[in-house]
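[1] Sharing a model prediction with you, sequence too.
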Amino acid sequence: IAMEAAQPLRVLEDLAVDKTRTMHGEQAFVYHGAICAGDVITGRQKVVDMYEKKGGALTFVVTETRLDNQRGEHVCDLRTVIVVRNA
């Protein structure tokens, strides 16, 4: 869902990260309710962590997105890790 809405790309733009130096590192889902055909899903994404590895060669951007349906019911949480290769 986040990839379809281009959410990771927006986070990278907000952080002024060169998208050509990134890759999708990890994705996790926690479902709290059913998501059915015809539902209108809205999400709120936030950056919850950023850390470096390999002596600063890689930066990991961790985001969480809360998804609610058209009735305001919390249906899912997404956790995404984007890996940035630094120059």
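    Noted; the coordinates are in hand. Numbers count the residues shown, from 1 in each chain.

[2] Mind listing the residues bridging to residue 78?
    In this entry, residue 78 is beta-bridged to residue 29, residue 65, by DSSP bridges.

[3] count of neighbours near it?
    By the measure other CB atoms under 10 Å, the count of residues near residue 78 is 19. C-beta: built from backbone N, CA, C; applies to glycine.

[4] next one: residue 84
    20.

[5] How about residue 66?
    Neighbours around residue 66, by other CB under 10 Å: 15.

[6] was I right about it contacting residue 77?
    Yes. Applying CB atoms under 8 Å, one finds residue 66 in contact with residue 77, separated by 5.8 Å.

[7] Surely residue 63 touches residue 44?
    No. The pair residue 63 / residue 44 is not scored as a contact, 10.6 Å apart, by CB under 8 Å.

[8] Looking at these two, which one has more neighbours?
    residue 63 (20 against 9).

[9] Which strand or helix spans the more buried one?
    Using DSSP states H and E, residue 63 maps to strand 58-68.

[10] How about stretch 77-87, which residues are buried there?
    For stretch 77-87, burial by neighbour count (16 or more other CB atoms under 10 Å) applies to 78, 80-82, 84.

[11] Going by distance to residue 26, which of those residues wins?
    Lowest distance from residue 26 to these (CB to CB) belongs to residue 81, with 3.9 Å.

[12] Would you mind measuring from the most far-flung residue of the chain relative to its centre to residue 33?
    Going by CA atoms, centre = their mean, the residue of the chain most distant from its centre is residue 55, 24.2 Å out. Distance of residue 55 to residue 33, computed by CB to CB, to the nearest Å: 43 Å.

[13] so how far is residue 85 from the closest residue to residue 67 other than its chain neighbours?
    Nearest non-adjacent residue to residue 67, counting by CB to CB, 6 or more residues apart in numbering: residue 76, 4.3 Å away. Computed with CB to CB, the distance linking residue 76 and residue 85 is 29 Å.

[14] next one: residue 52
    To residue 85, residue 52 is 11 Å away according to CB to CB.
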